[in-house]
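[1] Build me a model from this:
(one chain, ligands or ions: 1)
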Amino acid sequence: MDTRTTPAAPAAPAASLDAVVVGAGLSGLYQLHRLRELGMRTRVFEAGDDVGGTWYWNRYPGARCDIESMSYSYSFSPELDQEWVWSEKYAGQPEILRYLRHVADRFGLREDITLGTRVTRAVYDEDGRVWRITTDTGESVTARFLVMASGSNSAPKTPDVPGFGSFAGPTYHTARWPREDVDLTGLRVAVIGTGSSGVQIIPELAGRVAGLTVFQRTPAYALPAFNRPLSAAEVAERKAGYPEFRRAQRRSKGGSVVELPTRSALEVTPAERTATYEAGWQSGLLSGLLRSYTDLLVDAEANETAAEFVRGKIASIVADEETAERLTPRTFPFGTKRPCLDSGYYAAYNRPGVSLVDLSATPIEEITPKGVRTSDREHLFDAMVFATGFDALTGALTAVEIVGRGGVTLREKWADGPRSCLGLLTAGFPNLFTVAGPLSPSVLTNMVVSIEQHVEWITDCVAHLRDRGLTQIEADPAAEDAWTAHVAELADQTLYPAVASWYTGANVPGKARVFLAYVGGADRYRAECDAVARDGYRGFALS
Ligand code: NA7
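    A predicted model of the protein is given here:
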């Protein structure tokens, strides 16, 4: 019997799920695990045909992590730490993918992951307080919470040059390398791009193909990896000390356990500096040189001493003087673009059949059916490789049509650059979390450590809401303004913002030029996030 005397508002539709997570890479897998521990009905949608995210897609020859494997791995399970055995100092893509597949199986995650399915649209239903999520397979679900674990370098960027797409032969983007074997033996191959991906694939191709031509727009600073197999003894030693090592990682500034510098590069003698830089070079670590002195990323003169050291090394490795000079970075300070790790990169230019085209002297005019036309000639190829990077940090987020309050899309809101509170939630988009997104420190740190911190904060936040019968969290516009300004102020104290890089959005034509990461350190950031939560989620409206 209907006892109502006045027409009631229709009941808010129940969400079919508690949470949807977009992406089954390092972030999404861990987020699913934690939400399931809370008893939340969670589904993960993953565009790839397997789990792994970055390590699923970037399967090009030579793809390898540039953070040490025993450090670049989850810390949340001591059992996993003890079971899994890394074989090399720097794990290659196949090994990291095996690890992530193992994690998915070991924690029984696969049953809640839908593969081969891309989330295309998510609309916030303000009355029902749910996200209405649509996929490219035509599925629609509703969920209270939406976690974008879609990766910071996951929206590939193709070269912005005329004629792109007109080349008649096969083309490959490093971040979309085919799963089946690609045989380039005996072919004339072009590689466009000399960032981390180009620096890794070039030495691999140099030994295999008939002719390799590298098109370089900006030379990189690459440091030696000195990769090697890990001995049973060092694995055992780390495993014995893992609990303390993991705690130290969580306390650290960059997610790696290293000694931090205390002196300026300008207060020591040139001889002392060179010795310190040499030790950093020999360490075979990405941060080996950068952590030599306190001021390398804030003082141009100090930085120049490190840059000069690397330039000298390039000259000592590359036999042909002219090629060495073209490979030498002179237009931006060392470390203001992410340095690359070198496993035979500079040495590859000493091999017969490898040549370098300096695009600052002879720019690309167009890609043609036969190859690449630069301002002086046409270069002919059988295959082309694009190592041209990503629309970093915001690209994977704005690629989804995310519609918040009042029909405003995230793309519209962030047209002049991303705005958020703690890099975790953005005003007007309640219950939408980003993992390793813009305005957080993630890309300047050991990514796994930052991902775990984000996922744990998000999980605690969701538990906090649930335990109090609350259904919504949203960033306050004032707190968001303050965080966005704080991130910019910190960046402005460094050499980073002046440099055209993917950190500043400058690699994508038309993208707002904003420094996209928090430079204050993962330790300070973690303390800030914890304090906000302790203060009852200061800066957020909970209802
Ligand atoms: P990066 O580091 O963004 O490198 C891309 C490279 O491609 C870089 O050398 C670019 O030159 C070059 N590029 C981009 N567009 C063009 C065009 N149109 N013509 C010529 N050259 C071009 O991407 P990666 O994939 O190597 O690495 C990305 C990150 O992922 C890496 O740092 C790790 O953190 C993981 P530019 O420097 O813009 O002049």
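[2] Would you pull up the residue in the stretch 101-250 of the chain closest to the ligand?
    residue 195 (2.1 Å; Cβ to the nearest ligand atom). C-beta coordinates here come from the backbone N, C-alpha and C atoms, glycine included.
[3] measure the residue lying closest to that residue once chain neighbours are set aside to residue 398 for me?
    Spatially, and ignoring its direct neighbours in sequence, residue 195 is nearest to residue 389 (5.5 Å; Cβ to Cβ, 6 or more residues apart in numbering). Between residue 389 and residue 398 the distance is 16 Å, computed by Cβ to Cβ, to the nearest Å.
[4] try residue 529
    Separation of residue 529 from residue 398 (Cβ to Cβ) stands at 24 Å.
[5] Can you tell me which residues in the stretch 251-400 of the chain are near the ligand?
    338, 359, 364, 387, 388, 389, 390 (Cβ under 6 Å from any ligand atom).
[6] Oops, could you answer that again for the stretch 401-543 of the chain instead?
    Residues of the stretch 401-543 of the chain lying near the ligand (Cβ under 6 Å from any ligand atom): 502, 507.
[7] For the longest strand seen in the chain, enumerate the helices and strands it packs against.
    Criterion DSSP state E: the longest strand present in the chain is strand 140-148. Helices and strands touching strand 140-148, as assessed by 3 or more Cβ pairs under 8 Å, 6 or more residues apart in numbering; DSSP states H and E, comprise strand 17-22, strand 130-135, strand 432-434.
[8] Count the neighbours of the residue in the stretch 301-450 of the chain that the ligand sits nearest to for me.
    As assessed by Cβ to the nearest ligand atom, the ligand sits closest to residue 389 within the stretch 301-450 of the chain, at 2.5 Å. Look at residue 389: counted by other Cβ atoms under 10 Å, it has 24 neighbours.
[9] Only C-alpha atoms, please: export stretch 430-446 in CSV.
    Output of stretch 430-446 as CSV, limited to C-alpha atoms (Å, rounded to 0.1, in the frame of the first residue of the first chain):
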residue,chain,number,x,y,z
PRO,A,430,33.3,14.9,-6.2
ASN,A,431,34.4,11.4,-5.4
LEU,A,432,36.9,11.4,-8.3
PHE,A,433,40.5,10.6,-7.2
THR,A,434,43.6,10.6,-9.3
VAL,A,435,46.6,8.4,-8.6
ALA,A,436,50.0,9.7,-9.6
GLY,A,437,48.3,12.6,-11.3
PRO,A,438,49.4,16.2,-11.8
LEU,A,439,50.4,18.5,-8.9
SER,A,440,51.6,15.5,-6.9
PRO,A,441,55.3,14.5,-6.6
SER,A,442,55.0,11.1,-8.3
VAL,A,443,56.9,11.6,-11.6
LEU,A,444,59.9,13.1,-9.6
THR,A,445,60.1,10.1,-7.4
ASN,A,446,60.2,6.3,-7.4
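[10] tell me the mean pLDDT over that stretch?
    Here stretch 430-446 scores 98 as its mean pLDDT.
[11] on that earlier part again, most widely separated two among the residues of the stretch 251-400 of the chain next to the ligand?
    Within these, 338 and 364 form the most distant pair, 23.3 Å apart (Cβ to Cβ).
[12] more crowded one of the two?
    A side-by-side neighbour count of residue 338 and residue 364, using other Cβ under 10 Å, places residue 364 first with 21 against 18.
[13] distance of that one from residue 159?
    Separation of residue 364 from residue 159 (Cβ to Cβ) stands at 7 Å.
[14] Touching both of the two, which residues are there?
    Common neighbours of residue 364 and residue 159 (criterion: Cβ atoms under 8 Å, 6 or more residues apart in numbering): residue 192.
[15] if we can go back for a sec, okay, the helices and strands packed on strand 140-148, which one's buried deepest?
    Stretch with highest mean neighbour count among the helices and strands packed on strand 140-148: strand 432-434 (a mean of 27; mean count of other Cβ atoms under 10 Å).
[16] Parallel or antiparallel, which strands does that one pair with?
    Strand pairing for strand 432-434, using DSSP bridges, gives strand 140-148 (parallel).
[17] who's in contact with the strand it pairs with?
    Residues outside strand 140-148 that contact it (Cβ under 8 Å, 6+ apart) are 13, 15-23, 28, 31, 43, 122, 125, 128-134, 396-397, 400, 402, 431-435, 437, 458, 462, 471.
[18] for whichever helix or strand comes after that strand, packing partners?
    Next helix or strand after strand 140-148 toward the C-terminus (DSSP states H and E): strand 171-173. Strand 171-173 is packed against strand 383-386, with contacts defined by 3+ Cβ pairs under 8 Å, 6+ apart.
[19] if you set the cut-off to 10 Å instead, what comes out?
    On a contact count with 3 or more Cβ pairs under 10 Å, 6 or more residues apart in numbering; DSSP states H and E, strand 171-173 meets strand 188-192, strand 383-386.
[20] Could you dump those into CSV with distance to residue 445 and mean pLDDT added?
    Formatted as CSV, these follow (distance: least, Cβ to Cβ, whole Å; pLDDT from 0 to 100):
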stretch, distance to residue 445, mean pLDDT
strand 188-192, 29, 98
strand 383-386, 27, 98
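[21] What helix or strand is residue 518 located in?
    Residue-wise, residue 518 maps onto no helix or strand under DSSP H and E.
[22] Show the contacting residues for it.
    By Cβ atoms under 10 Å, 6 or more residues apart in numbering, the contact list for residue 518 reads 422-423, 438-445, 450, 483, 486-488, 490-491, 524-525, 528.
[23] do that again at 8 Å, thanks
    By Cβ under 8 Å, 6+ apart, the contact list for residue 518 reads 423, 439, 440, 441, 444, 487, 490, 525.
[24] Would you mind measuring from it to residue 529?
    11 Å.
[25] and what of residue 124?
    23 Å.
[26] Strands of the stretch 151-300 of the chain, residue ranges please.
    171-173, 188-192, 211-216, 222-224 (DSSP state E, counting those that start in this stretch).
[27] Can you add distance to the ligand and mean neighbour count and give these back as TSV?
    Output for those, formatted as TSV (distance: least, Cβ to the nearest ligand atom, whole Å; neighbours: other Cβ atoms under 10 Å):
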stretch	distance to the ligand	mean neighbour count
strand 171-173	9	20
strand 188-192	5	24
strand 211-216	6	23
strand 222-224	11	23
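[28] Can you tell me the closest non-neighbouring residue to residue 67?
    Residue 67 sits nearest to residue 446 (Cβ to Cβ, 6+ apart), 5.2 Å away.
[29] okay, now that neighbour: neighbour count?
    Counted with other Cβ under 10 Å, the neighbours of residue 446 add up to 24.
[30] Tell me the residues on the stretch 101-250 of the chain that lie near the ligand, please.
    Within the stretch 101-250 of the chain, the positions near the ligand by Cβ under 6 Å from any ligand atom are 153, 159-161, 174, 192-198, 215, 217-218.
[31] List buried residues within those residues.
    153, 159, 161, 174, 192-198, 215, 217-218 (16 or more other Cβ atoms under 10 Å).
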